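J.: what's the 3D shape of this:
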Amino acid sequence: MWISLKSPKLAVAVYNWKGDVRSGLPLEIGETVQILEENGAWYRGFSSKNRSAWGIFPLCVVSIRPCIVKGTGATAIAELKDDPLVREIACVLREWARLWKKLYVERETYRFSAVAKVMRELLSGRRALLAGTLTQDQTRALKLKLVAKLDWGNRSKTVQLYKLYVNNELSDLQQQYFEVCNLIFIKYLGAKRIAISIL
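T.: Next comes the predicted model:
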């Protein structure tokens, strides 16, 4: 019997799941899912990609994440508390995976290797940020490194990920990316100024 949750939970898919059961909700790694009901080892909810498509999925394919709940009842919406850079990296990795496969099929070994190396670095950096075990200085340095890797992908001809403007407007995700970049850059400049003034 399905039991409604008092407040919705938010989870991130940690495995791909085809949804090959009756009323199953297919999930890809990194996809965000809002959970509204549970029944033993199963959850019922919808993907953030398509809020109208409800389905069930096993609890072993998702990881519950801390979230902020806005609204109440059927209109309640949960949002991740994660760092925007962590979410941005997940989206970038998902997009680059498609390109990476295409490079493999086209046998472009140099570009394939370059993208693979950067993807591994982004993945390990994202994992370190999610673990939350770094000091503030280490976190700041890691974020600068990760933003530089994202910037490399945007600048280089190897990875054409973003259309910067869609109808002359930035998308929400792009806006968050640029806000994070600006914040990190401002903090980096501030740290350099402090270091220079101390010398």
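J.: contacts for the longest strand seen in the chain, please.
T.: Longest strand in the chain by number of residues (criterion: DSSP state E): strand 3-13. Outside strand 3-13, the residues within contact range by C-beta atoms under 8 Å, 6 or more residues apart in numbering are 27-39, 43, 45, 61-65, 67, 69, 76-80. All C-beta spots, glycine's among them, are computed from the backbone N, C-alpha and C.
J.: what's the mean pLDDT across it?
T.: Averaging pLDDT along strand 3-13 gives 84.
J.: mind listing what's buried in it?
T.: 8-13 (16 or more other C-beta atoms under 10 Å).
J.: need the next SSE after it, C-terminal direction.
T.: Helices and strands here follow DSSP states H and E; after strand 3-13, the next one along the chain is strand 32-39.
J.: between that next one and strand 3-13, how big is the angle?
T.: Relative orientation of strand 32-39 versus strand 3-13 (axes from the mean of the first three to the mean of the last three C-alpha atoms, to 10 degrees): 140 degrees.
J.: which strands or helices does the following helix or strand past strand 32-39 pack on?
T.: Note on strand 32-39: by DSSP H and E, the next helix or strand toward the C-terminus is strand 42-47. Identification of packing neighbours for strand 42-47 by 3 or more C-beta pairs under 8 Å, 6 or more residues apart in numbering; DSSP states H and E yields strand 32-39, strand 54-58.
J.: ok, residues contacting strand 42-47?
T.: Counting by C-beta under 8 Å, 6+ apart, 2, 8, 11, 25, 27, 31-38, 52-59, 62 sit against strand 42-47.
J.: mind listing the helices for this protein?
T.: For the chain, the helices defined by DSSP state H occupy 84-105, 109-131, 136-155, 172-198.
J.: where does pLDDT dip in the protein?
T.: Filtered on pLDDT under 70, the chain yields the residue ranges 72-76, 78, 156-199.
J.: quickly list the domain ranges of it.
T.: 3-80, 84-198 (automatic domain parsing).
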